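Asks: next input, structure requested:
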Amino acid sequence: MRSYLKHYIDGAWVESDGGRRHEVINPATEAPCTEIMLGSTADAERAVAAARRAFEGWSRSTVAERTALLERIVEGYKARMPELAAAMAEEMGAPIALASAAQAPSGLGHFLATLKALGEFPFEESAGRARVVHEPVGVVAMITPWNWPLNQICAKVAPALAAGNTM
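Replies: Next comes the predicted model:
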């Protein structure tokens, strides 16, 4: 059984501050397949503080810098697609065919669509005699359901990064 007992906060894998271990059960076999660490309030507060610090720099990034990051994510995503599908098949009990053909690719589609939108989005535009400037708003909190995990996560992460926000 794989164990993922650290949280990725502020650019590093860190121990939880008061979280608890949780076994993930494969619904197809009813056997534990993974062990994770559920975060605590202290973990969430530490993550928000890190995102606030990261916002200072990321919010000033250019469209070209945001595009470059999203392109790197797309390449990494493509390289790990079989691994992502296998994890979803095991952790959700999804048939591997569904995980490979739909579950894993759905998240990638959000990054590709966001890249296209980012290249076309007018961050500054005129509205009569006014000038409208679209700016990052800050740290984004995301709650995502479990049933289409990469679809739900990527549908939120990609546009947040493209807009200059952190999470």
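Asks: only C-alpha atoms from now on, for both contacts and neighbour counts.
Replies: Will do.
Asks: helices along this structure, start to end?
Replies: Per DSSP state H, the chain carries helices over the ranges 41-58, 63-79, 81-92, 96-98, 104-120, 149-162.
Asks: what's the closest of the ones you listed to residue 9?
Replies: helix 41-58 (5.5 Å; Cα to Cα).
Asks: circling back: redo the helices of the chain as JSON lines? Include mean neighbour count.
Replies: Below are the helices of the chain laid out as JSON lines (neighbours: other Cα atoms under 10 Å):
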{"stretch": "helix 41-58", "mean neighbour count": "16"}
{"stretch": "helix 63-79", "mean neighbour count": "15"}
{"stretch": "helix 81-92", "mean neighbour count": "19"}
{"stretch": "helix 96-98", "mean neighbour count": "14"}
{"stretch": "helix 104-120", "mean neighbour count": "18"}
{"stretch": "helix 149-162", "mean neighbour count": "20"}
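Asks: residue 1: which of these is closest?
Replies: With respect to residue 1, and counting by Cα to Cα, the nearest of the helices of the chain is helix 81-92 at 11.0 Å.
Asks: export the helices of the chain to CSV and tack on mean pLDDT?
Replies: Formatted as CSV, the entries for these read as follows, by pLDDT from 0 to 100:
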stretch, mean pLDDT
helix 41-58, 97
helix 63-79, 98
helix 81-92, 93
helix 96-98, 95
helix 104-120, 96
helix 149-162, 95
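Asks: closest one to residue 26 among those helices?
Replies: Comparing the helices of the chain by their distance to residue 26 (Cα to Cα), the top pick is helix 81-92, with 5.0 Å.
Asks: related to what we said a few turns ago, redo the helices of the chain as JSON lines? Include distance to residue 134.
Replies: Below are these laid out as JSON lines (distance: least, Cα to Cα, whole Å):
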{"stretch": "helix 41-58", "distance to residue 134": "15"}
{"stretch": "helix 63-79", "distance to residue 134": "12"}
{"stretch": "helix 81-92", "distance to residue 134": "33"}
{"stretch": "helix 96-98", "distance to residue 134": "38"}
{"stretch": "helix 104-120", "distance to residue 134": "12"}
{"stretch": "helix 149-162", "distance to residue 134": "12"}
